Each structure stands twice: as C-alpha cells, then as structure tokens.
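Undergrad: Return atomic coordinates for the entry below.
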Amino acid sequence: MSGNVADLLWEMLANAGVKRCYGIVGDALNPVIDGLHRNGRIEFIHVRHEEYGVFAAVAEAYLTGNPVAVCGTSGPGVVHLFNGLMDARKEGAPIIAIAGDVETSLIDTEALEELNPYRFFEAASLYTGRLVNPEQARSVINTAILTAVLENGPTVIAIPGNVASADVADHSSEITMPNPLILRPSDADLDQLVKMIDDAKTVAIFGGDGCRDAHDEVVHLAGRLKAPVGYSFRGKQWLEHDNPNAVGMTGLLGYGGAYGAIHQADLLLMLGTDFPFTEFLPGHSVKKVQIDKNPKHIGRRTAVDLGLVGDIKATVTALLKSVREKTDTRFLDKHLVDTNSFYGLMQHYVEKGPEIKPIRPEFLAATLSDLASDDAMFFIDTGTACMWGARHISGGRNRRIFGSFTWASMANAAPNAFGAQLAYPGRQTIALCGDGGFTMLALGDLLTQVQRKTPVLQIILNNGSLDFVSIEQREAGIVPFGVEFENPNFAKVAEAMGAKGIRIEDPGDVRDGLAEALAHKGGPVVVDAVVDPLALSLPSHVPFHTAKGFTLSMAKQVWSGQMDDVIKTIERNVRLV
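TA: Here you go, the predicted structure:
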C-alpha cells in the first residue's frame, strides 16, 4: 500500500481484527486520528477520560478475544492510559495503545509533554515500540499486534506526529495471525501425574481463569475422581455453573466448602490459577500439582510437588484418557454438605432482605442475579461489590462475570460494561459499582453513554464510604478513618445528565426497581441503591490475624467513644435481624 505511516497503522490494525479505538484526540495524535478517519474500518470511541476508555477496551478484548486499540496524546494523555494497561496485563487482554509522542526533532530535550515511553510503560507493556523513522513502521506495528494477541496483554506504539504524517514506501499492510498453540505436558510428565492421582485416596481441584475453555473437561475429571471443585474469583464464571462437585471459593471472599476441601485432600490439582493469597492455600501436609500455560506462575504462591506447563483443556483431555475412576464418594460428600450448609447461612439476609432497612447488599445482589437474563454480563467494582458479587451473583454457561480481579483498581465496572455493550449490542451489561468508584471515574463518562444511547445498567452501592478500605482498616486493628464521604442523589444526577435514574431506599422497592432498570432499552440507567454501610460478610475461613485485627479495632472504637457504632455493626451481622 502507499500513503503515510498513520494509514499503514490503521490498515494493519483493521486487518488484525481491531474494530474499535477508545481515547481522546490531541495535538500529537492529530495526524494519527486523521488516518483513522480516512481508514473508515475502525470505529473511534471518544471518551471523556482516557482511563475510562482503556477499562472499556479491556473488557471488550477479554470477552471477545480480539485486539482492541486505545489512544492518548503525548504527556498527560499517555499517562492516563497507564492504569488500564496494567489491568490489561493482569487480566490478560490484547490491547494496543497508540501513544502520541513529541516530534522527533524534540526527543530528549525535555520538550513540553515529552515522556520516555520505554521507561514509563515498562511495567505495563509487553512490548513498547517508538517510531522515529517511517522505515520502522511495518516491523514495529507487526510486532506490537502479534505480541498483544499471542501473549494476551498490552503493547504500546509511540508515534511522533511528524512520523505519523510521513510518507511510507509501498509496504504490505497484510498481517499473518498464527493460531494459538495447543500446549500440553509431555507423555512422561502426564504419566507421573496419573500415578500421583491414582495413588491419592482423595483429590481436590482448585481452578482459575485458565479453565476458561475447559469447563466440561474439568467437570468430567472431577466426576471421575470424586473431587470437590473450588475456584478463585476469576475461575468462578467458568467452574461454578452446571457442576455437581462445585464447593465455592476460598479467600476472604470465600464461601462453601472450598477451604476445607483443598486443605484436607491428599492431593490438590491447581488448574490455571495464580491465586495470590498464600495464607488460604495448603502447606506441606497436602501434595500439590500446578498446571498452567504460563510457567512463571508455577510454584510462586505455594510450593508444589509437580509443576506442569500446559493449556488446561488440552492437558485435562489427555489426562482423562489414562486416569482411573475413583469410587469412594465420602470426601466429596462431606464437602458438598459443608457447602450446602454455608449456602444456607448466606441466604439469611437474602430471605430477610424485604424486611430490613437499610437495604442489605446481599438481598440486592441476589435479587439482581435472579432477575437478570441467562446471558447477562456482570462487571464488578473493586471493594465490597466483589464480596456481594462473588457470593450472590450466580454464574451460568452464557453469563460472564468480570472485574479488575488481579490488578484491583477502583472504578472499573462502569467502563467495563460500556465496552462490553459496544461489543455485544443489546445484551444485558450490568455494572455493580461502589459509590467511590462511580464518582471517581464513571460519572463523567456517563455523558458518553448518554450520547451513544448505550443501554448499560449501573447499580451504585450507596453506603457513603470506601467500605472495603474500612474493613481492611479494621482487619489491621485500626479505627476506620478517612473513608467516609457525602453522596448526592445519584438518580437525580443521572436524570440531569440525560440518563434514566432510579433511587431505591426501601427494601420493598428493590425487586420492582431492578426490574424496571433491566427493562429499560433507550440508553444508560443509574440505580442509586442506598445500602447498609455496616454489612459484613463472614468468609468460610477467617485467618487468626484477621480475627485479631477486627477484635482490636472494635476495642479501640469502644475506647474512643464509638460504642454505638460497634453495637450497630454487631447487630447487623450476627443475624439478630
């Protein structure tokens, strides 16, 4: 093709499957965006904040598996991309960032808005290329695209404006996209694993996001081994549904019999998980096998007896050909009973919800899960939204649950849902937002949703605080401080911005309010749900340091004259109501 570097860039991106670019235009980017305009194959999504655009792109890329572009102009615009690119790296989303850069004659002169892309993006980007000569263009663009797609993560192309507008010789814009590798351990390693499984009296499975395409294979293996199946938050959407051996999650969000199962088994199979909370994983008393396609994950959270590199679907498929069926169901039965018992405890505030004011978030989340469609996509903010989402949003074969579960950034849910809605028009996209996160990032780009008439449902857990931080402070034995703030009536704010607003203060209005919100099709909806700020969730296992910290914090609150707050917290979390 002939044209300039910007033309080549967008043609190669379009040929690689990029359908959208999220960002904000600016002086250094103007020649690049002009090329996008001429190309016409990639839709430009103008957002109010570059970080919002990246979070939207991360959800689109993760869910579709297709690469997505984002852009920011030199200096401040580029800086706003960083947090979302870190999220893309942690969640495994193929994002290609187009970073505006100062003109080549100004590089290394500390010019206005100059930033060294290599240093700045080092932690976030799998590959960073800086175009300083048109002759580099095809090679750098090709490398950035292939790295993002094949390694499932973010890459950066920094382009000075004078290079973007420079003519490029007749370079081909074609790009060859190899199919993903089918990766599994060697036969010798599989034989060793089969022997370990056959020799173990009891086996448990703990799975993560690596089980994304392996639901049926893992469930089949669990059935053959009579193995309870626990999962991380990232593994919940892949392993919870249609799984008679499911025993819930471990960790501080944990529920069910997962903790007991993985600690009491003779052998634990860790499948595609990089679960970071070591204190919830078993020690030397349990033999552990970890299988992951990323070799860097193996053994870094807990020591393992056997580490194997492989795709979970391919590895389990090969394993099923050789492993013997177990017949003793007592271990599985015990942990299923524990799971059902814990589910009963979790239902207390769901069943009592219509009678309790302020609204219990458990009741709100469970009602939302019940009303949402079978193929709904849920996006969950970091914070207490994760507690209620993990426990009360039910997975399904066609449902999706996504959040900043590894990077744990605030304010991801609303932009995630926006990106998903653009990728899957008309499908229910639901953001469970913290009030802190919504006011941090989502409020401004609600105008973007209004302008595009995207039917995104945003449910704000309005508790007037950074509630999860408050819990963390209490876990550390600290009296909560610096976490409270005043909120507006979000429904009225939404209406003023052109969205539909619904405020729910009475538990008796929860079901009808959510049903009305889910039925709205003309654009975005904001549900302002005023929930109990003192609601807590008790995990299935509480580490000693956590219990000690809570006890100390409560004592300090009593000593500082906050006895009423302590009594209210206890009343609302020991099932007295």
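Undergrad: Beta-bridge partners for the residue nearest to the spatial centre of the chain, please?
TA: Centroid check for the chain by C-alpha atoms, centre = their mean gives Gly403 as the closest residue, at 2.5 Å. Legend: beta-bridge partners of Gly403 under DSSP bridges are Ile380.
Undergrad: low pLDDT regions in the protein?
TA: 1-2, 468-469, 472-476, 537-577 (pLDDT under 70).
Undergrad: could you redo the last one with a cut-off of 80?
TA: 1-2, 170-171, 180, 466-483, 536-577 (pLDDT under 80).
Undergrad: Would you mind measuring from the residue nearest to the centre of the chain to Leu193?
TA: Using C-beta to C-beta, to the nearest Å, we find Gly403 at a distance of 32 Å from Leu193. C-beta here means a position set from N, CA and C on the backbone, and glycine is covered the same way.
Undergrad: what's the spacing between Leu308 and Ala188?
TA: Leu308 is 11 Å from Ala188, by C-beta to C-beta.
Undergrad: ok so, going back, make sure the residue nearest to the centre of the chain is actually in contact with Met377.
TA: No: between Gly403 and Met377 there is no contact under C-beta atoms under 8 Å: 11.3 Å.
Undergrad: Please tell me I have it right and Ile262 contacts Pro282.
TA: Yes: when contacts are counted by C-beta under 8 Å, Ile262 is listed as touching Pro282 (5.8 Å).
Undergrad: Could you tell me which residues touch both of the two?
TA: Both Ile262 and Pro282 are in contact with Leu268, where contact means C-beta atoms under 8 Å, 6 or more residues apart in numbering.
Undergrad: Who has more neighbours out of these two?
TA: Using other C-beta atoms under 10 Å as the criterion, Ile262 and Pro282 rank with Ile262 on top: 24 against 17.
Undergrad: can you tell me which residues contact the more buried one?
TA: Ile262 neighbours (C-beta under 8 Å, 6+ apart): 204, 206, 230, 250, 268, 281-282, 286.
Undergrad: Please, where are all the strands along the stretch 151-300 of the chain?
TA: 154-160, 167-168, 203-207, 229-231, 246-249, 267-271, 287-292 (DSSP state E, counting those that start in this stretch).
Undergrad: Kindly present those as a markdown table, with separate columns for mean neighbour count and distance to Phe363.
TA: A markdown table is the format used below for these (neighbours: other C-beta atoms under 10 Å; distance: least, C-beta to C-beta, whole Å):
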| stretch | mean neighbour count | distance to Phe363 |
| --- | --- | --- |
| strand 154-160 | 28 | 38 |
| strand 167-168 | 16 | 60 |
| strand 203-207 | 29 | 29 |
| strand 229-231 | 31 | 24 |
| strand 246-249 | 27 | 20 |
| strand 267-271 | 26 | 33 |
| strand 287-292 | 23 | 38 |
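Undergrad: Take the ones you listed and lay them out in a markdown table including distance to Pro94.
TA: Converted to a markdown table, the strands of the stretch 151-300 of the chain look like this (distance: least, C-beta to C-beta, whole Å):
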| stretch | distance to Pro94 |
| --- | --- |
| strand 154-160 | 8 |
| strand 167-168 | 25 |
| strand 203-207 | 23 |
| strand 229-231 | 24 |
| strand 246-249 | 27 |
| strand 267-271 | 23 |
| strand 287-292 | 19 |
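Undergrad: Which parts of the stretch 301-450 of the chain are strands?
TA: Counting by DSSP E, counting those that start in this stretch, the strands of the stretch 301-450 of the chain are 306-309, 377-380, 400-403, 429-434.
Undergrad: Quick one, which of the ones you listed gets closest to Ile96.
TA: Closest approach to Ile96 among the strands of the stretch 301-450 of the chain is made by strand 400-403 (19.9 Å; C-beta to C-beta).
Undergrad: C-alpha coordinates for the closest one, PDB please?
TA: Taking C-alpha atoms only, strand 400-403 is exported to PDB below (Å, rounded to 0.1, in the frame of the first residue of the first chain):
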ATOM      1  CA  ARG A 400     -20.000 -13.500  32.300                       C
ATOM      2  CA  ILE A 401     -18.500 -12.000  35.400                       C
ATOM      3  CA  PHE A 402     -15.600  -9.700  35.000                       C
ATOM      4  CA  GLY A 403     -13.600  -7.100  37.000                       C
END
